[in-house]
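Visitor: okay, predicted coordinates and the sequence, questions at the end:
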Amino acid sequence: MATASIASADASSGSQQAFDRLERSLPGGDTRTSTFYAPHPVAMARGDGCRIFDVDGNTYLDLMNNFTALVHGHSHKRITAAIRDQALDGVAFSAPHLAQAELAERIKERVASVDLVRFTNSGTEAVMVAIRAARAATGRALIVKANGGYHGSWDQLPMAKQDNTAGIPPSTQELLRWCDYNDVDSLRSVMDQEGDSVAAILLEPVMGGGGVITGSEEFLHSARDLATRYGALLVLDEVMTARLDVRGYQAVAGVRPDLTTFGKIIGGGLPVGAVGGLEEVMGIFDPRRDGHLYHGGTTNGNPLTMVAGCASLDLLPRQEVERINRLGDRLVKRLEDGFSAVGLPMTLTHNGSLIQLHHGRRTITNYDDVAVEDPVVGRLHARSLSHGVSFARRGLLNVSTAMTESEIDEIAERITEAAKEVVETEALTAPDRKR
Ligand code: PMP
């Protein structure tokens, strides 16, 4: 395997050249804010299983998996074949297609709270559609969400209280009420004050982008009880967490939402989102009904995504979910041992195949405990890249079914080497925490 080099260190690297060209046509050289890091990210050329290859031919073990969407890693043969076969038969029709039933049936079989499904092209859109349905069902406008809860890039749902609100009108921000994740009192207090005007409590059962923080049973059950008590809907956003249990994380938590949003793994890597729930709520999308809710989208439920999603779910039976969750546990243990052996104080929050690295040792129960910008995690990321391991700049790692124990151990060894270099060469300062 070619030894990876940090592309940014070399002005003549293919990544630098790719960035120079991209930058001339795309602000910041890409088309997603979340993938950027300074001075520019490593540009990728292709992927195969749990490995990705940059434009200079360096190889990386991939713990990004396109921000958890690629639960089977890159270019799984069965998913690729399904996409190719469907492409030959047409990629989209302005008409029903049985591939939609195939994917919807698979989701219904797995997730008990889902009777009916609508497909979208992203998790963001799925959340937008779910909120619209909740507002239509209740005749109310307010949404309650957790500080640090990530639900996509819709301007009505910023991730955190202190997020940049450029371009978001104050009237939009007035539609939102905040609670602190895992803080029952804060949720109860917002519902006691304004519960009669709340259309939905929207939560991730495990806060993913906000630091891989698992919702306590008490918190999630309270959300269910408070939504019911005040006549609001409980919307669980399982765009990221559906990978943690075949029945959805809601089954692990023992909470039944009114609506669930999905994305990522249900599309086999192609653009996807879905909202699902019981007939009494989802029926509002039925165009035969008076006052039905309009929901369009040129590529909604396109057969290309549907067949890729079916293949992805078929490759993810309970045993595979449990296997990658165990691999996640193994990686956490190995990394914790490695970090303490080299003297880098770190806290790892994790749930199954999802892992988040935090610099410093502390208890992490909600977003206030998470560093906004963690410079040590940033350095660890850069040095891990040079050791041929790719994870998200902000320290999010996820395991794919393309990995085995041997890759997990190799990853842990390489990240430990990177951590050793961080300790040896960098003056460690405390991360910029919010409290
Ligand atoms: N909800 C959650 C919980 C997510 O993690 C994400 C994406 N990371 C989204 C919604 C948005 O999905 P998309 O990026 O497909 O719009």
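Guide: Thanks, I have it.
Visitor: Val91 - how many residues pack around it?
Guide: For Val91, the neighbour count with other C-beta atoms under 10 Å is 13. For every residue, glycine as well, the C-beta is placed using N, CA and C.
Visitor: surely it and Asn302 touch.
Guide: Yes: shown here, Val91 and Asn302 form a contact pair, counting by C-beta atoms under 8 Å, at 6.1 Å.
Visitor: what residue in the stretch 101-250 of the chain comes nearest to the ligand?
Guide: Distances between the stretch 101-250 of the chain and the ligand by C-beta to the nearest ligand atom are smallest at Gly123, namely 2.3 Å.
Visitor: got the residues of the chain near the ligand?
Guide: Residues of the chain that fall close to the ligand, judged by C-beta under 6 Å from any ligand atom: 67, 122-124, 127, 150-152, 204, 208-209, 237, 239-240, 263, 273.
Visitor: which strands or helices does whichever strand or helix holds Gln250 pack on?
Guide: Assigned by DSSP states H and E, Gln250 belongs to helix 249-253. Other helices and strands packing on helix 249-253, by 3 or more C-beta pairs under 8 Å, 6 or more residues apart in numbering; DSSP states H and E, are helix 217-230.
Visitor: give me the buried positions along the helix it packs on.
Guide: Phe219, Leu220, Ser222, Ala223, Arg224, Leu226, Ala227, Tyr230 (16 or more other C-beta atoms under 10 Å).
Visitor: how close does Thr349 get to Arg24?
Guide: 39 Å (C-beta to C-beta, to the nearest Å).
Visitor: coming back round to it: I'd assumed Val239 was in contact with the residue of the stretch 101-250 of the chain closest to the ligand.
Guide: Yes: counting by C-beta under 8 Å, Gly123 does reach Val239; the two are 3.7 Å apart.
Visitor: common neighbours of the two, please.
Guide: His151, Gly152, Thr261, Phe262, Gly263, Lys264, Gly273 (C-beta atoms under 8 Å, 6 or more residues apart in numbering).
Visitor: pLDDT below threshold where in the chain?
Guide: 1-12, 427-435 (pLDDT under 70).
Visitor: tell me where it has helices.
Guide: 14-25, 65-68, 77-89, 98-110, 123-138, 170-173, 184-194, 217-230, 249-253, 279-282, 303-314, 318-342, 375-386, 405-425 (DSSP state H).
Visitor: in a markdown table, list these along with distance to Ala38.
Guide: Compiled in a markdown table, the helices of the chain are given as follows (distance: least, C-beta to C-beta, whole Å):
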| stretch | distance to Ala38 |
| --- | --- |
| helix 14-25 | 11 |
| helix 65-68 | 19 |
| helix 77-89 | 34 |
| helix 98-110 | 39 |
| helix 123-138 | 25 |
| helix 170-173 | 29 |
| helix 184-194 | 35 |
| helix 217-230 | 36 |
| helix 249-253 | 34 |
| helix 279-282 | 44 |
| helix 303-314 | 33 |
| helix 318-342 | 25 |
| helix 375-386 | 9 |
| helix 405-425 | 17 |
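Visitor: out of these, which comes closest to Arg32?
Guide: helix 65-68 (9.1 Å; C-beta to C-beta).
Visitor: tell me the one of the shared contacts of Gly123 and Val239 nearest Ile107?
Guide: For the shared contacts of Gly123 and Val239, the nearest to Ile107 is Phe262 (6.7 Å; C-beta to C-beta).
Visitor: surely that closest one and Ala242 touch.
Guide: Yes: if you go by C-beta under 8 Å, Phe262 and Ala242 touch, sitting 5.6 Å apart.
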